[in-house]
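With the sequence up front, the predicted model follows.
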Amino acid sequence: MFCSKQCFNYHKKGLEVASTKAKERLPWQTVCLMPEINSMAVMIDWLTTDSNYSQWCGGDEQNGKTDSNYSQWCGGDKQNGIANKISQNHQRQGITAERPGRDIHVKVNHLEQQFRAAKDWLNQTGVGVTCEESIKAAVKHRCPYYYELMDVMSDRASSIPLSTT
């Protein structure tokens, strides 16, 4: 197939470089054909639309029962099934980077952790802090999407501290 060993080595090296680049991590904020539509924008949009985040957290179905139709579609694990559906949504939106369901799952968990950290910090801010701009900057440093996610994540039990009284 190749004219010489030198030609073979040249093409082999090109394939190795291409496969290495394909395995590199791609930023969620910059991968798409248009800058305003990227993986993170699609993710935040999905989380803040209707009751999507509630479905992700289990919604009203946290009663121990399993919907057999949903289990067949998801392969038995609801969050993995939803993550795969979000992954397909990324592709439909024109996201060129492959975002498998497991990456979506990890990203949502990371956003939840960031949100809790920002909320905890905000709840511990003393009365003496008066500069609203510096508070917003500190919150956005801990969770860049805090204010977008506040409506859907703030009322979840995992982000509300237990009362100690």
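Sure, I can see it. Predicted, not measured: the structure shown is a model, and the values here were computed from it. Numbering: from 1, shown residues only.

okay, CA-based contacts and neighbour counts for the rest of this
Will do.

contacting residues for Ala117?
Residues in contact with Ala117 (C-alpha atoms under 8 Å, 6 or more residues apart in numbering) are Arg142, Cys143.

Could you tell me how far it is located from Ser134?
Distance check for Ala117 against Ser134: by C-alpha to C-alpha, to the nearest Å, it reads 17 Å.

for Asn84, same thing?
Applying C-alpha to C-alpha to Asn84 and Ser134 gives a distance of 38 Å.

So between these two, which is more surrounded?
Using other C-alpha atoms under 10 Å as the criterion, Asn84 and Ser134 rank with Asn84 on top: 20 against 11.

I'd like the next helix or strand past the worst-scoring helix or strand of the chain on mean pLDDT.
Taking mean pLDDT, DSSP states H and E as the measure, the chain has helix 68-74 as its least confident helix or strand, at a mean of 38. Sequence-wise, the next helix or strand beyond helix 68-74 is helix 78-92, with elements assigned using DSSP states H and E.

and that next one, which residues are buried?
Under the neighbour-count criterion of 16 or more other C-alpha atoms under 10 Å, helix 78-92 has Lys78, Gln79, Asn80, Gly81, Ile82, Ala83, Asn84, Ile86, Ser87, Gln88, Asn89, His90 buried.

other SSEs contacting it?
helix 39-48, helix 52-57, helix 68-74, helix 101-124 (3 or more C-alpha pairs under 8 Å, 6 or more residues apart in numbering; DSSP states H and E).

just the ones you listed: most buried one?
Stretch with highest mean neighbour count among the helices and strands packed on helix 78-92: helix 39-48 (a mean of 18; mean count of other C-alpha atoms under 10 Å).

for that helix, packing partners?
Helices and strands touching helix 39-48, by 3+ C-alpha pairs under 8 Å, 6+ apart, are helix 52-57, helix 78-92, helix 146-153.
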